[in-house]
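J.: Sharing a model that was predicted from the sequence below.
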Amino acid sequence: MQWRVRRGRRQASPDSPLGFAWSIAGRCEMSESGSIIPLYHLVEEEVGTVIIAAREISGFFVESDHGQPAEILIYGSARHAVRLGKDLSDVELRVVNSLGKAIGSYYIGRVGLRSWFEGTGSPGQGGFVATFYGHTCPHATAGAIWRRWASGSPLENGEWARYPVESHDSWLHVVQNSWFETGHEAKRYGVGEICIIDGKKILSESSFYCALGESVNGPGGYFGSTLDGLADCLASSRNASAPFELVWEHFSGAQERMGASLSASVVGVLREFDVGVTLR
């Protein structure tokens, strides 16, 4: 399907983190009937009414240092009557899987629908030009990662590590957002006595928390994204699950990449909550 190019918007290079993420995540999911399954719902938060169902949203997931976009492109259609030029209020952007279940969410508040555009080659496959009044998500590859999570295929051990290090913060963001959206608490659900993380895969602070969450709670699992978040998870787990030991393999390389101070702080917090930490 071809779309009209608007004001010089460009595709991500296959060599860029965003291009790599798209190559892994794939494009749009299709239903058995051949229709495109929406990835996003714009919802009236209080009552849960779906206003717009969209297969893609452009301009919302941006680099952390990116300026606020003048417009957001919503590739989808209205489920209820909307009026161009009139703002929607109390809007939540929900990420939904192939079954239509919410797996993530962002509170936007006010959304302005400015105009409608048509997709070339497929009648009725256009969308809306909108403004989110400065609301963006500063994780550029999160959109592609959400599409992977929404596909219905189980996440694999170490899947996050296949993405460039620049995308690990986006993966961690999706982990945390989805973890709480789907009803989990900040605690340990795993039952194994020994959790192992591979220091070779830890290239940054975000990498560490991706590895730790997966080791403790399985693929896509969350167990903190900051030192305070880690402490919260450990405190909540103290009486809810059996004690566990963390084996940190190839520690010295990970320590060098994370920084000695952060590595020491992480180990200190774990041991403060009686986690046996073995460094190899």
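T.: Cool, got the structure.
J.: can you give me the strands in the stretch 51-200 of the chain?
T.: Remark: strands assigned in the stretch 51-200 of the chain by DSSP state E, counting those that start in this stretch are 72-78, 87-96, 102-117, 127-131, 194-198.
J.: wait, which of those is closest to residue 176?
T.: Residue 176 sits nearest to strand 102-117 of all these, at 9.6 Å, using C-beta to C-beta. Every residue, glycine included, has its C-beta placed from N, CA and C.
J.: Tabulate the strands of the stretch 51-200 of the chain in TSV, adding columns for distance to residue 55, mean pLDDT and mean neighbour count.
T.: Shown next, in TSV, are the strands of the stretch 51-200 of the chain (distance: least, C-beta to C-beta, whole Å; pLDDT from 0 to 100; neighbours: other C-beta atoms under 10 Å):
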stretch	distance to residue 55	mean pLDDT	mean neighbour count
strand 72-78	5	95	22
strand 87-96	11	96	19
strand 102-117	14	96	17
strand 127-131	9	96	22
strand 194-198	36	96	17
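J.: Tabulate those strands in CSV, adding columns for distance to residue 205.
T.: Listed next are these as CSV, based on distance: least, C-beta to C-beta, whole Å:
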stretch, distance to residue 205
strand 72-78, 30
strand 87-96, 24
strand 102-117, 22
strand 127-131, 33
strand 194-198, 13
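J.: can you tell which of those strands is closest to residue 46?
T.: That would be strand 87-96 among those, by C-beta to C-beta, at 6.0 Å.
J.: Okay, now the unreliable bits of the stretch 151-280 of the chain?
T.: For the stretch 151-280 of the chain, the stretches flagged by pLDDT under 70 are 240-242.
J.: can you check the stretch 1-150 of the chain too?
T.: Where the stretch 1-150 of the chain drops to pLDDT under 70, the residues are 1-36, 67, 120-124.
J.: Tell me where the stretch 101-250 of the chain has helices.
T.: Assigned by DSSP state H, counting those that start in this stretch, the helices in the stretch 101-250 of the chain fall at 142-150, 168-181, 205-217, 227-237.
J.: Give me the most central residue, the chain.
T.: The centroid of the chain falls nearest to residue 174 when counting by C-alpha atoms, centre = their mean (2.2 Å).
J.: quick one: it from residue 74, how far?
T.: Applying C-beta to C-beta, to the nearest Å, the value for residue 174 to residue 74 is 20 Å.
J.: cool, and residue 150?
T.: Distance from residue 150 to residue 74, counting by C-beta to C-beta: 17 Å.
J.: and if you look at residue 172?
T.: Distance, residue 172 to residue 74, by C-beta to C-beta: 26 Å.
J.: same check, this time on residue 61
T.: The value you get for residue 61 to residue 74, if C-beta to C-beta is used, is 13 Å.
J.: again with residue 108
T.: From residue 108 across to residue 74, the span is 11 Å (C-beta to C-beta).
J.: Mind listing the shared neighbours of the two?
T.: Residues touching both residue 108 and residue 74 (C-beta atoms under 8 Å, 6 or more residues apart in numbering) are residue 42.
J.: before we move on, the earlier item: figure out which of the strands of the stretch 51-200 of the chain is closest to residue 181.
T.: Closest to residue 181 of the strands of the stretch 51-200 of the chain is strand 102-117 (C-beta to C-beta; 5.2 Å).
J.: Now do that closest one: which elements does it pack against?
T.: Strand 102-117 sits against strand 40-44, strand 87-96, strand 127-131, helix 142-150, helix 168-181, with contacts defined as 3 or more C-beta pairs under 8 Å, 6 or more residues apart in numbering; DSSP states H and E.
J.: Can you say which of these is nearest to residue 262?
T.: Nearest to residue 262 among the helices and strands packed on strand 102-117 is helix 168-181 (14.5 Å), distances taken as C-beta to C-beta.
J.: Output that closest one as CSV, nothing but the C-alphas.
T.: The C-alpha trace of helix 168-181 is given here as CSV (Å, rounded to 0.1, in the frame of the first residue of the first chain):
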residue,chain,number,x,y,z
HIS,A,168,17.0,-0.9,24.9
ASP,A,169,15.4,2.1,26.7
SER,A,170,12.4,1.8,24.3
TRP,A,171,12.1,-1.9,25.1
LEU,A,172,12.3,-1.2,28.8
HIS,A,173,9.7,1.5,28.5
VAL,A,174,7.3,-0.9,26.8
VAL,A,175,8.0,-3.5,29.4
GLN,A,176,7.1,-1.1,32.3
ASN,A,177,4.1,0.4,30.5
SER,A,178,2.6,-3.0,29.6
TRP,A,179,3.4,-4.6,32.9
PHE,A,180,1.2,-2.3,34.9
GLU,A,181,-1.5,-1.8,32.1
